[in-house]
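>>> Predicted model, plus sequence, below.
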Amino acid sequence: MSAALEPTSCKEAEPFALQIRDDSMAPEFWPGCIVIIDPTGIARDGVYVLAELDAEFVVRRLQRQSAYWKLTPLNDDYETTGSVSLENIVGVVSQRAGSRRRHHKRYDI
C-alpha cells in the first residue's frame, strides 16, 4: 500500500486515520478502507503495522522470522519484505472502519 502522509496537527503519540489505496492486504483491508494507526501500539508478531520503507508507507502483517522481522502482505501478488528493523514501524493498526457496521473491526494491540 503506497501512501503519502501529510503533516497534520496530530501529536506523535495520537492515533490517526489512513486510507488503504491498494489490494495488498485484501481481504482484511480493501482499497478505500480506513484504518486507525496507533503510534504507541506495541509491534509484536502477527499484528498489522504501518511501516516506512524507502520513503514509502505500507500496511503489512509483522512476522518474526528467527532472528529478524518481515512484513508480509495478505495478497500473494505482492512481495514479502524480509529483514526489517522495528525502527521502520510507524504504528500498529488498531481499528478498521468501513461504510457498514459489519466492516468495523478492532484489533488487539
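Right, received. Where do you want to start? Numbering: from 1, shown residues only.
>>> C-alpha from now on. contacts and neighbour counts both.
Fine.
>>> For the closest residue to residue 40 other than its chain neighbours, pull up the helix or strand it's in.
Residue nearest to residue 40 in three dimensions, not counting chain neighbours: residue 13, with 5.9 Å by C-alpha to C-alpha, 6 or more residues apart in numbering. Residue 13 belongs to no helix or strand when elements are defined using DSSP states H and E.
>>> go on, the one 5 residues further on?
Applying DSSP H and E as the criterion places residue 18 in strand 16-19.
>>> can you tell me the average pLDDT over that strand?
Average pLDDT, strand 16-19: 96.
>>> strands paired with it, and their directions?
Sheet pairing of strand 16-19 (DSSP bridges) gives strand 34-38 (antiparallel).
>>> Can you tell me what sits against the partner strand?
When contacts are defined by C-alpha atoms under 8 Å, 6 or more residues apart in numbering, strand 34-38 is touched by residues 13-20, 49-50, 91-98.
>>> Narrow the residues you listed to those that are buried.
Neighbour counting with 16 or more other C-alpha atoms under 10 Å marks 15-16, 18-20, 49-50, 91-97 as buried within those.
>>> quick check, nearest of the residues you listed to residue 108?
Distance to residue 108 across the buried ones among the contacts of strand 34-38 (C-alpha to C-alpha) is lowest for residue 94, with 6.8 Å.
>>> Name the spans of the protein whose pLDDT lies under the cut-off.
Along the chain, the parts satisfying pLDDT under 70 run over 1-11, 99.
>>> the strands in it, which residues?
Assigned by DSSP state E, the chain shows strands spanning 16-19, 34-38, 48-53, 56-65, 68-72, 81-84, 89-97, 105-106.
>>> closest to residue 26 out of those?
Per C-alpha to C-alpha, nearest to residue 26 of those: strand 56-65, 10.6 Å.
>>> Alpha carbons only: can I get the closest one in CSV?
C-alpha atoms of strand 56-65 as CSV (Å, rounded to 0.1, in the frame of the first residue of the first chain):
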residue,chain,number,x,y,z
GLU,A,56,7.0,4.8,1.1
PHE,A,57,4.4,3.7,3.6
VAL,A,58,3.0,0.2,3.6
VAL,A,59,0.5,-1.6,5.8
ARG,A,60,1.6,-5.2,6.3
ARG,A,61,1.5,-8.1,8.9
LEU,A,62,4.6,-8.1,11.1
GLN,A,63,6.1,-11.5,11.5
ARG,A,64,9.0,-12.8,13.4
GLN,A,65,11.4,-15.0,11.3
